[in-house]
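Q: coordinates for the following, if possible.
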Amino acid sequence: MQIRAATMSDIAPIMALVKRVVPLMRASGNLQWDDEYPNPGVFERDISKQQLWLAEVDGALAGVAAITTAQEPEYAEVGWDIDELSIVVHRLAVDPDHHGKGIAVALMEKAEEVAKERDIAILKVDTNIQNTATQKLFPKLGYQPVGEISLAFRPGLRFRCYEKRLTKI
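A: Numbers count the residues shown, from 1 in each chain. Next up, the predicted model:
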């Protein structure tokens, strides 16, 4: 497996991955993503900010994650200081053909690597309360649940927030 920064030429494969992931999410009751979000413009912005990472297996796209410092204003509702510099993982997805192969773990480890490179001690992530896979994964990686929020741009949904504090930078 290789983890690399995404480029604009990756948009079509990323959107193909999204189209494969969304029906499975929705079938499990996770309505976090749909036909409108995430869209090519969201990923193009991530790429232009050099914050979109891809996992590839044998040259094929297996997963994607935005590793950013962008925090939603609603994060303050769980007691987070949104002005405190943190690494935040958004838009984490794994191609269904690669489930169970450690792709999400590798992308989350990349987030930790980015945090260490930037001397940032806090990592944050949120996930739809219906996403049972990530709710099992994040604690295994040392993330602690800190509460739930709603996000203005995804009305009607609830999101569980997790954080990990690095002790050695």
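Q: name the SS class of C161, please.
A: Under DSSP: H, G, I helix; E, B strand; the rest coil, C161 falls in the strand class.
Q: need the helices for this structure, in chain order.
A: Applying DSSP state H to the chain gives helices spanning 11-27, 40-48, 103-117, 132-140.
Q: figure out which of these is closest to T68.
A: Ranking the helices of the chain by their distance to T68 (criterion: C-beta to C-beta) puts helix 40-48 first, at 7.4 Å. Heads up, the C-betas are built off the backbone N, CA and C, glycines and all.
Q: ok, how many other residues are close to A60?
A: Number of residues near A60 (other C-beta atoms under 10 Å) recorded here: 12.
Q: who is it paired with across the strands?
A: Taking DSSP bridges as the rule, A60 bridges to V57.
Q: now it: how far from L137?
A: According to C-beta to C-beta, to the nearest Å, A60 stands 22 Å off from L137.
Q: below-threshold pLDDT in the protein: ranges please.
A: 168-169 (pLDDT under 70).
Q: if you set the cut-off to 90 instead, what comes out?
A: 24-37, 130-133, 150-157, 167-169 (pLDDT under 90).
Q: coming back round to it: buried deepest among the helices of the chain, which one?
A: Mean neighbour counts were taken over these using mean count of other C-beta atoms under 10 Å, and the top value, a mean of 19, falls to helix 103-117.
Q: what packs against that one?
A: Packed against helix 103-117 by the contact rule (3 or more C-beta pairs under 8 Å, 6 or more residues apart in numbering; DSSP states H and E) you find strand 2-5, strand 52-57, strand 60-68, strand 87-94, strand 122-128, helix 132-140.
Q: on that earlier part again, need the helices of the chain in a markdown table (columns: distance to R4).
A: Putting those into a markdown table (distance: least, C-beta to C-beta, whole Å) gives the following:
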| stretch | distance to R4 |
| --- | --- |
| helix 11-27 | 13 |
| helix 40-48 | 12 |
| helix 103-117 | 10 |
| helix 132-140 | 22 |
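Q: for L54, grab the count of nearby residues.
A: 21.
Q: D10 is in contact with that one, correct?
A: Yes. Taking contacts as C-beta atoms under 8 Å, L54 lies within contact range of D10: 6.3 Å.
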